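> Next come a sequence and a model predicted from it.
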Amino acid sequence: METVIDYGIWSLAPLIFAIVTAFVTRSAIFSLFAGCLIGVIMVGFDPSKSLLGIDPAGGFVKLIAESLDGEFIRICVIIMFIGILFELFKRAGVLVAFANMVSKTGSTSPKKVKFTTWLLGFFIVDDYFSPLMTGPIMRPLTDAAKISREKLAFILDSTTASVCVLVPFMSWGAYIGGLIVAQGGPVAGSDDAIALFAASIPYNIYPMLLILFTLLICLEIIPDFGFMKKAETRARIEGKVLRDGAIPMVSEDDDDDIFEQTQENPNLIFDFLVPIIIVFGTVIVSYFVFGSLKISEAFVTAVIYLGISLYVKGYVKDFSDLTELGVKGAKSVMSAIIITALAYCINTITKGLGAAEFIMMASEGFMTPALLVASTFFITATISFSTGTSWGAFALMIPFVLPVAYGFSGGVAHDPIVYKALAAVVGGGIFGDHSSPVSDTSVLSSIGAGSDHMDHVITQLPYALLIGSVTIVIYLVI
């Protein structure tokens, strides 16, 4: 008979080690790799989970093979083609042309640039798409305005998933609605579940406060503090948008030529606006036609269009030149792909060790009627931060919380206590999505901003903790 090991609090060891090491070394790749290796060794000593193998090296290879599923491949495709599209934009000279056009309107002041970046988050409603599209567009402008890459990454990260959960008819609403339906109870069907999710939105305190807080930070009504203040002071006084020794998620080797106009008369309509319309149009049409967001297909289509356009105009010499541009764009985001892969691996490890289940069991005693909503937010936030996935936290917590909430409401689905409990789950998931160093959304925000990933996490975390603390207080008093 196989012996199943209950890791207890030790199930958190790989992740805690990775997070602490990341904050000390500021090397996301090294820290995540070390955390994965510790997890593989721990699992290797569990006979019931010997599939990964007791050998750290061999087990790590097996872990990678098991972790990197189709969703990971999809993210890699999106990341690579964003890098390629950005490289084509540089060759076309449209980035400097766009920056010059905006500068002529008097919109290069730090406040206006930050506000524009914040505003774009409401037009690009997708947690993957938003930072990857907004970041490269606004990066030349934020650099020119001496805004730190850390601040740009924070704005991108704060207007991605936070906006998504406030729009009930997008993929997030459909996913959460499916989890609600799966619990049965007083919910009649998927339409009723989505309606229940929509009704909970006014109680979703964390994302709404975060969006408002980010706006006030962008307008400099609320001053920066903590690590972000140091980053912004460095950028404005020294002109360094990245700290010395930083390792940006997008290669800086060729960033100096972003503002070198490679073409005399770049066409903003055909070489900038049309590719963006292709991306947006493909995503929107695919959602209404197929019921899913074809993000990777959108970027591939835009790259094909722009590549052909530049070839016809003679902006690229031949297909070899075009291929080199593609390889150059893919290489520029390679560190991001490595970090994403390691994040997937450590998420698999923590799940295999039962980290989320341990957190839930350890916190069961807090689930009293008076503290239901606040404790739900705190526990979901802890799980989401630990695993780096909000959707995983939703899947774990909704089955746990909804039956309790239905008990408080007398078996009625559409009741304020149910709305608040569901909103607390969603908001707690967004906290982890927004602040965890192993969250794919945080990684993608670092990619879009071209910032050092750990610099982004370290400067952003005090803001997330502040808003999270205020959210708990509000849930305790409403």
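All right, it came through fine.

> is it true that Val418 touches Gly407?
No. Counting by Cβ atoms under 8 Å, Val418 does not reach Gly407; the two are 10.2 Å apart. C-betas here are computed from N, CA, C, even on glycine.

> the more surrounded of the two?
Between Val418 and Gly407, Val418 has the larger neighbour count (other Cβ atoms under 10 Å), namely 26 against 12.

> Which residue, other than its chain neighbours, is closest to Lys240?
Once flanking residues are discounted, Lys240 sits nearest to Arg234: 5.3 Å by Cβ to Cβ, 6 or more residues apart in numbering.

> what packs against the helix or strand hosting Ser442?
Element membership of Ser442 [criterion: DSSP states H and E] is helix 440-449. In terms of contacts (3 or more Cβ pairs under 8 Å, 6 or more residues apart in numbering; DSSP states H and E), helix 440-449 is packed against helix 70-92, helix 129-144, helix 149-158, helix 334-352, helix 416-435, helix 453-477.

> what's next to it, contact-wise?
Residues from elsewhere that reach helix 440-449, judged by Cβ atoms under 8 Å, 6 or more residues apart in numbering: 75, 79, 82, 127-128, 131-136, 139, 149-150, 152-154, 156-157, 160-161, 249-250, 333, 336, 339-340, 343, 388-390, 433-436, 452-453, 456-457, 460.

> just stretch 315-330 next, same as before
If you take Cβ under 8 Å, 6+ apart as the criterion, stretch 315-330 is touched by 80, 83-88, 91-92, 254, 262-263, 303, 307, 310-311.

> Got phi/psi on Pro248?
For Pro248, the backbone dihedrals (degrees, to the nearest 10) come out as phi -70, psi 150.

> That should have said Leu219, apologies.
Main-chain torsions, Leu219, degrees, to the nearest 10: phi -80, psi 0.

> how much space between it and Ser469?
Look at Leu219 and Ser469: by Cβ to Cβ, to the nearest Å, they are 23 Å apart.

> Of all the residues in stretch 323-332, which ones are buried?
By 16 or more other Cβ atoms under 10 Å, the buried positions in stretch 323-332 come out as 325-326, 328-330, 332.

> Okay, now the unreliable bits of the stretch 151-300 of the chain?
168-171, 174, 182-184, 189-191, 251-264, 291-293 (pLDDT under 70).

> Next, report how far stretch 223-233 is displaced from the centre of its chain.
Relative to the chain's own centre, stretch 223-233 is displaced by 22 Å; criterion: Cα atoms, centre = their mean, to the nearest Å.

> quick revisit: quick one: closest of the helices and strands packed on helix 440-449 to Gly178.
Counting by Cβ to Cβ, Gly178 lies closest to helix 416-435 out of these; the figure is 13.4 Å.

> what comes up buried for the closest one?
417-435.

> For it, list the C-alpha coordinates in CSV.
Output in CSV follows, covering the C-alpha atoms of helix 416-435 (Å, rounded to 0.1, in the frame of the first residue of the first chain):
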residue,chain,number,x,y,z
PRO,A,416,-26.2,40.6,-0.7
ILE,A,417,-24.2,38.1,1.4
VAL,A,418,-23.8,35.8,-1.6
TYR,A,419,-22.8,38.8,-3.8
LYS,A,420,-20.2,39.9,-1.2
ALA,A,421,-18.8,36.4,-0.8
LEU,A,422,-18.4,35.9,-4.5
ALA,A,423,-16.9,39.3,-5.0
ALA,A,424,-14.4,38.6,-2.2
VAL,A,425,-13.3,35.4,-4.0
VAL,A,426,-12.9,37.3,-7.3
GLY,A,427,-11.1,40.3,-5.7
GLY,A,428,-8.8,38.0,-3.7
GLY,A,429,-7.9,36.2,-6.9
ILE,A,430,-7.1,39.5,-8.6
PHE,A,431,-4.8,40.5,-5.7
GLY,A,432,-2.6,37.5,-6.4
ASP,A,433,-2.8,38.0,-10.1
HIS,A,434,-1.7,41.6,-9.6
SER,A,435,1.1,41.1,-7.0
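
> what's the angle between that helix and helix 440-449?
50 degrees (axes from the mean of the first three to the mean of the last three Cα atoms, to 10 degrees).

> helices or strands up against helix 416-435?
helix 161-164, helix 171-182, helix 190-200, helix 205-218, helix 372-387, helix 390-408, helix 440-449, helix 453-477.

> could you dump these to a markdown table with distance to Phe290?
Supplementary listing: the helices and strands packed on helix 416-435 in a markdown table, determined by distance: least, Cβ to Cβ, whole Å:
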| stretch | distance to Phe290 |
| --- | --- |
| helix 161-164 | 18 |
| helix 171-182 | 12 |
| helix 190-200 | 17 |
| helix 205-218 | 27 |
| helix 372-387 | 29 |
| helix 390-408 | 20 |
| helix 440-449 | 23 |
| helix 453-477 | 33 |
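
> tell me the most buried of those?
Highest mean neighbour count of the helices and strands packed on helix 416-435: helix 440-449, a mean of 29 (counted as mean count of other Cβ atoms under 10 Å).

> distance between that one and the chain's centre?
In terms of Cα atoms, centre = their mean, the centre of helix 440-449 is set 6 Å apart from its chain centre.

> quick check: mean pLDDT across that helix?
Mean pLDDT, helix 440-449: 85.

> Same check on stretch 379-399?
The model assigns stretch 379-399 a mean pLDDT of 78.

> end to end, how far does that stretch reach?
Chord length of stretch 379-399, first to last residue, is 14 Å (Cα to Cα, to the nearest Å).

> What helix or strand is the closest residue in space to Val274 that isn't next to it in sequence located in?
Sequence neighbours aside, Tyr305 is the residue nearest to Val274 in space, at 6.9 Å (criterion: Cβ to Cβ, 6+ apart). Of the helices and strands defined by DSSP H and E, Tyr305 is found in helix 295-313.

> Next, the angle from that helix to helix 70-92.
Put simply, helix 295-313 runs at 20 degrees to helix 70-92, going by the same axes, to 10 degrees.

> Report all helices and strands that helix 295-313 contacts.
Using 3+ Cβ pairs under 8 Å, 6+ apart: helix 295-313 touches helix 70-92, helix 274-290, helix 319-332.
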